[in-house]
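Q: one predicted model, sequence on top.
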Amino acid sequence: MVGTALVVGASGIVGSATATLLNEQGWTVHGLARRPAAQAGILPVVADLQDAAATAAALAEVRPDAVFITTWLRQDSEAENIRVNSAMVRNLLDGLRGGGSTRHVALVTGLKHYLGPFEAYGKGVLPQTPFRETQGRLDIENFYYAQEDEVFAAAARDGFGWSVHRPHTVIGKAVGNAMNMGTTLAVYATICRETGRPFRFPGSATQWDGLTDMTDARLLARQLLWAATTPAARDQAFNVVNGDVFRWSWMWGRIAEWFGVEAAPFDGSIVPLEQQMADDAPIWRTIAERDGLAEADLDRLVSPWHTDADLGRPVEVVTDMSKSRRLGFTAYQPTDDAFFDLFAALRADRLIP
């Protein structure tokens, strides 16, 4: 089955992977963003979802069968995250009402559904791992829940089906993305190689020694398409991870080897990347200018705060995929290969030397 899709946040890690897959599968793809990047085969839609009237105007001639919401805006507090991000979903779905074409809406959230929002991340009483979709919401305000509620309300009003997708840390390529561990680690390794600094794991002993998993953006895109075209997936929430588990004590050495640096011994102390990379902007600009890289602004490439949040967690995180597996989604992606594919793509696009 093919049709017309609207990918919201098409310039981001998940959105660009989703738009690419849909285009490859023969869909007509509209890519909505405030500043759409040039993407082959993708029809750009310029809109700021915080502006309801402008959003409705931008969508006036767009008639999607399926809508994929892969964007959010980080705010200074969870209350503001809730206000802004729920309004963005509401404005989007209100703007599409007049067309009457939408049959499915997919919303990408994440494991903060189980771990709590940034202000209470990994704290308090958390569900037992592995996280399963049957585990209810935490008793705390969370912008993911507010986004879901907007989708549920619009679905009940307008009659479309929905799916919610909860990835773990996403590996993929985008510039200017707020949550971008893969590119952050690639840039960090490059700077360590350039300066001779130790390639030091920045996180906690729990993450170094414990089991964890991650999500390749390409695999997430495949689950989004599967859910939009599989009747049994209608009105369901799904976890989505690569299918393997690993310890950072193993993965850190794999990443170091790819970049030709030596992984520093881990002494159990947390030394955040925000601290380690605080003064690296001039170093990166020098590397970029010398090697003719496409992006010399370090802040456009890295998100140390988000990488620190994931690698500094005091709890083990493992995600159960049984629900979608039972319904027929069986895609698998080794996580080390996901990193290596990303690093190769960053090099090919002259984002790292």
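A: The structure has been received and is ready for your questions.
Q: can you show me the strands along the stretch 151-300 of the chain?
A: Ranges of strands within the stretch 151-300 of the chain are 161-167, 170-171, 211-212, 215-216, 236-240, 246-247, based on DSSP state E, counting those that start in this stretch.
Q: adding mean neighbour count and distance to residue 352, write the ones you listed out as JSON lines.
A: (Glycine included, C-beta is placed from N, CA and C.) Formatted as JSON lines, those follow (neighbours: other CB atoms under 10 Å; distance: least, CB to CB, whole Å):
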{"stretch": "strand 161-167", "mean neighbour count": "23", "distance to residue 352": "24"}
{"stretch": "strand 170-171", "mean neighbour count": "27", "distance to residue 352": "15"}
{"stretch": "strand 211-212", "mean neighbour count": "19", "distance to residue 352": "24"}
{"stretch": "strand 215-216", "mean neighbour count": "28", "distance to residue 352": "19"}
{"stretch": "strand 236-240", "mean neighbour count": "22", "distance to residue 352": "27"}
{"stretch": "strand 246-247", "mean neighbour count": "15", "distance to residue 352": "23"}
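Q: dump the ones you listed to TSV, plus distance to residue 49.
A: Formatted as TSV, these follow (distance: least, CB to CB, whole Å):
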stretch	distance to residue 49
strand 161-167	18
strand 170-171	20
strand 211-212	32
strand 215-216	24
strand 236-240	22
strand 246-247	36
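Q: quick check, central residue of this protein?
A: The centre of the chain sits closest to residue 170, judged by CA atoms, centre = their mean, with a distance of 4.5 Å.
Q: sorry, back to before: so which of the strands of the stretch 151-300 of the chain gets nearest residue 55?
A: Checking the strands of the stretch 151-300 of the chain against residue 55 by CB to CB gives strand 161-167 as the closest, at 19.1 Å.
Q: by contact count, what packs against that closest one?
A: Of the remaining helices and strands, those touching strand 161-167 by 3 or more CB pairs under 8 Å, 6 or more residues apart in numbering; DSSP states H and E are strand 104-108, helix 143-158, helix 217-228, strand 236-240.
Q: to residue 330, which of those lies closest?
A: Closest approach to residue 330 among these is made by helix 217-228 (9.7 Å; CB to CB).
Q: tell me which residues in stretch 245-264 are buried?
A: For stretch 245-264, burial by neighbour count (16 or more other CB atoms under 10 Å) applies to 245-246, 248, 251-252, 255-256, 259, 261, 263.
Q: which of those residues sit farthest apart?
A: 245 and 261 (24.8 Å).
Q: pLDDT weak spots in the stretch 151-300 of the chain?
A: 178 (pLDDT under 70).
Q: same thing but at 80, please
A: Judged by pLDDT under 80, the stretch 151-300 of the chain has its weakly predicted residues at 177-179.
Q: touching, residue 46 and residue 55? I think so.
A: No: counting by CB atoms under 8 Å, residue 46 sits too far from residue 55 to count as a contact (10.3 Å).
Q: which one's more surrounded, those two?
A: Ranked by neighbour count (other CB atoms under 10 Å), residue 46 and residue 55 place residue 55 first, with 23 against 12.
Q: a helix runs through that one, doesn't it?
A: Yes: with DSSP: H, G, I helix; E, B strand; the rest coil as the criterion, residue 55 is assigned to a helix.
Q: what does stretch 91-103 contact?
A: 4, 6, 8, 49-52, 55-56, 58-60, 62-67, 69, 105, 150-151, 154, 158, 160-161 (CB atoms under 8 Å, 6 or more residues apart in numbering).
Q: which one among the buried residues of stretch 245-264 gets closest to residue 127?
A: residue 245 (17.4 Å).
Q: what sits against residue 130?
A: Per CB under 8 Å, 6+ apart, neighbours of residue 130: 318-320.
Q: hmm, back to that, residue 291: which of the helices and strands packed on strand 161-167 is closest?
A: Taking those one by one with CB to CB, helix 217-228 is closest: 25.7 Å.
Q: tell me which residues of that closest one come out buried.
A: 217-228.
Q: what of stretch 12-28?
A: Judged by neighbour count (16+ other CB under 10 Å), stretch 12-28 contains these buried residues: 12-23, 27-28.
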